[in-house]
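> from the sequence below, what's the structure:
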Amino acid sequence: MEFVEIDRRMRAAFSVAGSAFMLHHLGLAVEFASIESDDGDMQGSVKGVRARNDLPGKRPDLSEKYALYALAGAAAEYHLMNRWDNDSLRSAHEGERKARRFIRMAEQDLPEHRLDIYVRSLKDNALAILSQPRNWNRITVLAYALMDVGTMTGGEVREVLDDLEV
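Below you'll find the model as predicted:
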């Protein structure tokens, strides 16, 4: 199988689009989505996606949703490239670290080995959600919109995703 090289900007756009889609899919509000760095450079330096909802520390019932959101960017990169490379593995590790933190906010006494199993199952679930053809189409449209404009408000993200919902 031949691998096509995907530039950093496109990877960043799909990663951010995957995270933004997951928030939207789970009924959480997106504050913004951006592939621009703080200096406005659009070379694939991900500024990120931020949710507008309460964090799981205040709302433990949201911990699993936030964990899925944390895992979605790396899942989108993997689905785009159909493989793990060093960059996507770093992204996956960071997503797993955040997911573990979100789950710990709600499940303080969960043993480490159970947490590992739980996060692995959430990682598989995130990839399954994103890779459904209908969902992947929405992520692709959002990623290309991000590559065009760099930064989108939560309202703009919602508008793109809602326009594709049929």
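
> in the chain, where is pLDDT below threshold?
1-5, 38-57, 165-166 (pLDDT under 70).

> what segments of it are helices?
Per DSSP state H, the chain carries helices over the ranges 8-25, 63-81, 86-106, 112-131, 133-149, 154-163.

> with mean neighbour count added, can I get the ones you listed in JSON lines?
C-beta here means a position set from N, CA and C on the backbone, and glycine is covered the same way. Below are those laid out as JSON lines (neighbours: other C-beta atoms under 10 Å):
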{"stretch": "helix 8-25", "mean neighbour count": "26"}
{"stretch": "helix 63-81", "mean neighbour count": "25"}
{"stretch": "helix 86-106", "mean neighbour count": "17"}
{"stretch": "helix 112-131", "mean neighbour count": "16"}
{"stretch": "helix 133-149", "mean neighbour count": "18"}
{"stretch": "helix 154-163", "mean neighbour count": "16"}
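
> quick one: closest of these to F32.
Of all these, it is helix 154-163 that lies closest to F32, at 6.1 Å by C-beta to C-beta.

> how close does the residue positioned nearest the centre of the chain get to A13?
With distances taken as C-alpha atoms, centre = their mean, S19 lies nearest the centre of the chain, 2.1 Å away. Using C-beta to C-beta, to the nearest Å, one obtains 11 Å as the distance from S19 to A13.

> who are the neighbours in contact with P60?
M105, A106 (C-beta atoms under 8 Å, 6 or more residues apart in numbering).

> please tell me how far it sits from A106.
Remark: distance between P60 and A106 (C-beta to C-beta) = 4 Å.

> try L130
Distance, L130 to A106, by C-beta to C-beta: 23 Å.
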